[in-house]
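Q: any chance you can model this:
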Amino acid sequence: MSLMSIFDISGSAMSAQSVRLNTTASNMANANSAAASAGEVYRSRQPVFATIQAQMLNPANANEFGFDNQGSTGFGVQVLDIVESDAPFQQRYEPEHPMADGEGYVYYPNVNIVEEMTNMISSSRSFQANVDVMNAARTMMQRVLTLGQ
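A: Below is the predicted model:
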């Protein structure tokens with residue numbers, strides 16, 4: 001594996017964690033939004049990650065890693081989709097609420113703030129870990145350049 005591929009791998013991971021953090025922020029921002037019907041209520045969203053194969057990151061270097069087209073080892077991550085949660089939403093009886101339906105119910109999202117805080121901490125730490133990997137690779141490259149002096 002070349003040292004330059006580390007930047008591709010960490011960059012893809014940082015990009016994926018940014019999407020995860022943005023999705024978490026959107027969920028938390030809509031956690032207390034009310035809706036008049038079950039069809040209008042905000043649903044929690046989560047990104048779906050998948051492995052990027054070596055030949056997808058840099059097709060010219062795919063053989064350098066010892067992979068053929070059927071290689072199952074991954075080098076990086078991508079966001080396939082952002083899916084809505086199937087968890088049940090909250091239905092509260094609040095007849096005085098301006099968004100209440102004809103029966104007095106107000107619908108709230110299926111966002112769990114504790115889970116979202118956990119996702120936020122996890123994604124920010126993963127992002128920072130990849131920043132540290134990139135900094136370490138940069139330092140290693142700088143030290144290799146000073147060997148010839």
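Q: Asn130: neighbour count?
A: Number of residues near Asn130 (other C-beta atoms under 10 Å) recorded here: 21. The C-beta positions use only the backbone N, C-alpha and C, and glycine is treated the same way.
Q: isn't there a helix covering it?
A: Yes: assigned with DSSP: H, G, I helix; E, B strand; the rest coil, Asn130 falls within a helix.
Q: wait, isn't it in contact with Ala16?
A: No: with contact defined as C-beta atoms under 8 Å, Asn130 does not count as touching Ala16 (9.5 Å).
Q: all the strands of the chain, in order from the start?
A: Secondary structure of the chain (DSSP state E): strands at 45-53, 74-84, 90-93, 105-108.
Q: could those strands go into a markdown table alongside distance to Met120?
A: A markdown table is the format used below for those (distance: least, C-beta to C-beta, whole Å):
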| stretch | distance to Met120 |
| --- | --- |
| strand 45-53 | 13 |
| strand 74-84 | 16 |
| strand 90-93 | 21 |
| strand 105-108 | 20 |
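Q: separation between the closest residue to Ser18 other than its chain neighbours and Arg20?
A: Using C-beta to C-beta, 6 or more residues apart in numbering and skipping the chain neighbours, the partner closest in space to Ser18 is Phe127 (7.0 Å). Counting by C-beta to C-beta, to the nearest Å, the separation of Phe127 from Arg20 is 9 Å.
Q: ranking helices and strands of the chain by mean pLDDT, which lands last?
A: helix 54-57 (a mean of 56; mean pLDDT, DSSP states H and E).
Q: so who does the residue sitting nearest the centre point of the chain touch?
A: Residue closest to the average C-alpha location in the chain (C-alpha atoms, centre = their mean): Arg20, at 2.5 Å. Neighbour list for Arg20: Pro47, Asn119, Ser123 [criterion: C-beta atoms under 8 Å, 6 or more residues apart in numbering].
Q: gap between the first one and Gln142?
A: Think Pro47. Counting by C-beta to C-beta - Pro47 and Gln142 are separated by 34 Å.
Q: the two - which one has more neighbours?
A: Pro47 (19 against 9).
Q: could you give the bridge partners of that one?
A: For Pro47, the beta-bridge partners are Ile82 (DSSP bridges).
Q: the protein: helices as residue ranges?
A: For the chain, applying DSSP state H gives helices covering 5-29, 54-57, 113-146.
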